[in-house]
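Visitor: My questions concern the predicted model and sequence given below.
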Amino acid sequence: MNISVTITTVNRADRLVSGLEALLAQDFPKSDFEVIVADNGSTDPTKDVCDDYASKFENFTYLYDARPGQMVGWHRALKIAQGDITCFIDDDVSPDSSWLAGVAGAYRDSEVGLATGPIKLHYETPPPDWIQHMIIGEPGAQTLPAFGLLDSGSEVKEIPGNFVWGTNFTVRKSCLLEVQGFHPCAMPGRLLKFHGDGEVHVGRSVEALGHRVLYHPEASVVHHIPTARLTLGAIKSKFITTGYTRSFALLRQLRDVYELPGEEEFQAMALRYFPKPDTVPEELIQTIQDGLTFGVSHHLKCFAEDAAFREWVLHDNYLDLDKCYVHPELLDSGALQDETDWRSGQ
């Protein structure tokens with residue numbers, strides 16, 4: 001077996017069906033890949049869906065672990081993955097039929113450690129006009145980081161490691177183990193402060209080791225964006241998470257508290273998300289600034305005041321889930337029942 005595909009999911013059985021159907025339709029031998037569904041505590045019919053689809057694939061595994069956070073599914077799946085190439089996608093992603101062939105093509109070069117491909121967006125309803133202000137670049141060289149759009153054209157090319165995003169993330173298993181796996185990522189709403197820099201850490205670390213990072217146009221996926229994410233409230237939640245990510249990475253670098261940025265610095269951070277900030281509605285800029293300010297400030301406060309939270313942020317190896325999942329809030333059964341979508345931060 002050459003490739004392991006992991007789908008992390010929670011309470012999105014209907015959307016999971018779309019992703020599994022897309023994997024069944026791959027122009028790639030079914031014997032050459034396995035599918036692992038990592039269930040992060042679903043209470044809907046997710047397991048029933050997996051029981052139904054298990055017989056449709058030659059290699060299929062269902063994992064259940066209700067501990068909060070996407071990292072749990074990633075690392076549980078990594079432990080049993082049989083492929084030399086490990087792929088990680090979300091339950092709101094549908095790979096194109098060429099996806100696995102494109103992934104395999106990218107890794108024919110033994111120097112490639114990371115690869116991705118186009119991430120196209122499918123909106124459940126027409127998006128608001130203000131989203132256009134957040135699109136960076138033109139078709140063929142375009143991104144929309146808030147929703148994961150990635151378009152680097154129709155040619156195979158090298159890209160930075162931090163452009164390999166969790167919506168379409170592939171990595172050599174040996175490289176992922178060498179950098180000690182992922183850092184904490186998507187969390188339920190009440191536990192959002194435990195969010196870290198997830199797959200971005202892996203992308204930067206694998207690139208820093210000297211491995212090539214490749215964009216392959218055939219390794220393409222569609223990211224489905226529900227209407228609930230197309231509000232200013234959801235954008236604020238997204239950037240609260242971004243604030244946690246920024247603070248997490250800086251605290252791991254410094255190993256100690258840092259001076260909280262001032263209002264002007266937070267405004268400068270917010271403006272960097274727009275290619276033409278002078279044309280952006282003030283309400284949108286303020287929404288992103290407010291999200292970043294709360295995320296960074298709250299994360300830093302928790303780090304300074306909570307010794308167990310400091311241990312979580314500075315943990316040396318998140319691959320051992322039992323050793324890092326010790327904070328009382330992460331073990332609270334009430335928090336585990338929070339069914340809020342961890343991607344929107346609501």
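Guide: All right, it came through fine.
Visitor: in stretch 130-138, what counts as buried?
Guide: Under the neighbour-count criterion of 16 or more other C-beta atoms under 10 Å, stretch 130-138 has 131, 133-135 buried. In this view, the C-beta of every residue, glycine as well, is placed from N, C-alpha and C.
Visitor: show me where the stretch 101-250 of the chain has helices.
Guide: Secondary structure of the stretch 101-250 of the chain (DSSP state H, counting those that start in this stretch): helices at 173-178, 198-208, 232-254.
Visitor: Out of these, the one nearest Gln267 is which?
Guide: Nearest to Gln267 among the helices of the stretch 101-250 of the chain is helix 232-254 (12.8 Å), distances taken as C-beta to C-beta.
Visitor: list the helices and strands the closest one packs on?
Guide: helix 198-208, helix 282-305, helix 307-313 (3 or more C-beta pairs under 8 Å, 6 or more residues apart in numbering; DSSP states H and E).
Visitor: Need the residues that contact the next helix or strand after the shortest one.
Guide: Next in sequence after helix 307-313, counting helices and strands by DSSP states H and E, comes helix 321-324. With C-beta atoms under 8 Å, 6 or more residues apart in numbering as the contact definition, helix 321-324 has outside contacts at 67, 71-72, 75-76, 312, 315, 317-318.
Visitor: Surely Ala228 touches Ala234?
Guide: Yes. Counting by C-beta atoms under 8 Å, Ala228 touches Ala234, with 6.3 Å between them.
Visitor: Closest one to Gln180 out of the contacts of helix 321-324, please.
Guide: Distances from Gln180 to these, taken by C-beta to C-beta, are shortest for Asn317, at 4.9 Å.
Visitor: any idea how far Leu114 is from Phe88?
Guide: 11 Å (C-beta to C-beta, to the nearest Å).
Visitor: pLDDT value on Arg190, please?
Guide: At Arg190, the pLDDT value in this model is 89.
Visitor: Also Asp338?
Guide: 52.
Visitor: thinking again about what came up before, Thr125: which of the helices and strands packed on helix 232-254 is closest?
Guide: Smallest distance to Thr125 across the helices and strands packed on helix 232-254 (C-beta to C-beta): 18.6 Å, for helix 282-305.
Visitor: Run through who's touching that closest one.
Guide: 130, 133, 193, 232, 235-248, 251, 257-258, 260-261, 263, 266-267, 269-271, 273-274, 277, 309-310, 313.
Visitor: Just give me how far that helix sits from the chain centre.
Guide: A distance of 20 Å separates the centroid of the chain from that of helix 282-305, by C-alpha atoms, centre = their mean, to the nearest Å.
Visitor: Tell me what angle that helix forms with helix 232-254.
Guide: 40 degrees (axes from the mean of the first three to the mean of the last three C-alpha atoms, to 10 degrees).
Visitor: List the buried residues for helix 282-305?
Guide: 284-285, 287-296, 298-300, 302-303.
Visitor: Stretch 211-220 now?
Guide: Applying 16+ other C-beta under 10 Å to stretch 211-220 flags 211-220 as buried.
Visitor: list the contacts for Ile80?
Guide: Here Ile80 is in contact with 36, 61, 63 (C-beta under 8 Å, 6+ apart).
Visitor: which ones are touching the first one?
Guide: Taking C-beta under 8 Å, 6+ apart as the definition of contact, the neighbours of Ile36 are 4-7, 60-63, 77, 80-81.
Visitor: Most neighbours of all the residues you listed, which one?
Guide: Counting neighbours by other C-beta atoms under 10 Å, Val5 leads the contacts of Ile36 with 27 neighbours.
Visitor: tell me which element the closest residue to that one other than its chain neighbours is part of?
Guide: Spatially, and ignoring its direct neighbours in sequence, Val5 is nearest to Cys87 (4.6 Å; C-beta to C-beta, 6 or more residues apart in numbering). Take DSSP H and E as the rule and Cys87 turns out to sit in strand 85-90.
Visitor: Output the contacting helices and strands for that strand.
Guide: Using 3+ C-beta pairs under 8 Å, 6+ apart, strand 85-90 sits against strand 3-9, helix 70-80, helix 99-106, strand 169-172, helix 173-178.
Visitor: could I get the ones you listed as a markdown table with distance to Pro139?
Guide: Below are these laid out as a markdown table (distance: least, C-beta to C-beta, whole Å):
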| stretch | distance to Pro139 |
| --- | --- |
| strand 3-9 | 28 |
| helix 70-80 | 30 |
| helix 99-106 | 19 |
| strand 169-172 | 23 |
| helix 173-178 | 31 |
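Visitor: Make TSV out of the ones you listed and add mean pLDDT and distance to Glu207.
Guide: Formatted as TSV, the helices and strands packed on strand 85-90 follow (pLDDT from 0 to 100; distance: least, C-beta to C-beta, whole Å):
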stretch	mean pLDDT	distance to Glu207
strand 3-9	97	21
helix 70-80	97	19
helix 99-106	98	15
strand 169-172	98	11
helix 173-178	98	10
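Visitor: number of nearby residues for Arg229?
Guide: Arg229 has 23 neighbours, counted by other C-beta under 10 Å.
Visitor: That one against Ile131, yeah?
Guide: No. Assessed by C-beta under 8 Å, Arg229 is found out of contact with Ile131, at 10.4 Å.
Visitor: Show me whatever sits in contact with both of these two.
Guide: Residues touching both Arg229 and Ile131 (C-beta under 8 Å, 6+ apart) are Phe147.
Visitor: burial count for the residue nearest to His133 when sequence neighbours are not counted?
Guide: Closest residue to His133 apart from its sequence neighbours, by C-beta to C-beta, 6+ apart: Val280 at 4.6 Å. By the criterion of other C-beta under 10 Å, Val280 has 19 neighbours.
Visitor: All set, thanks.
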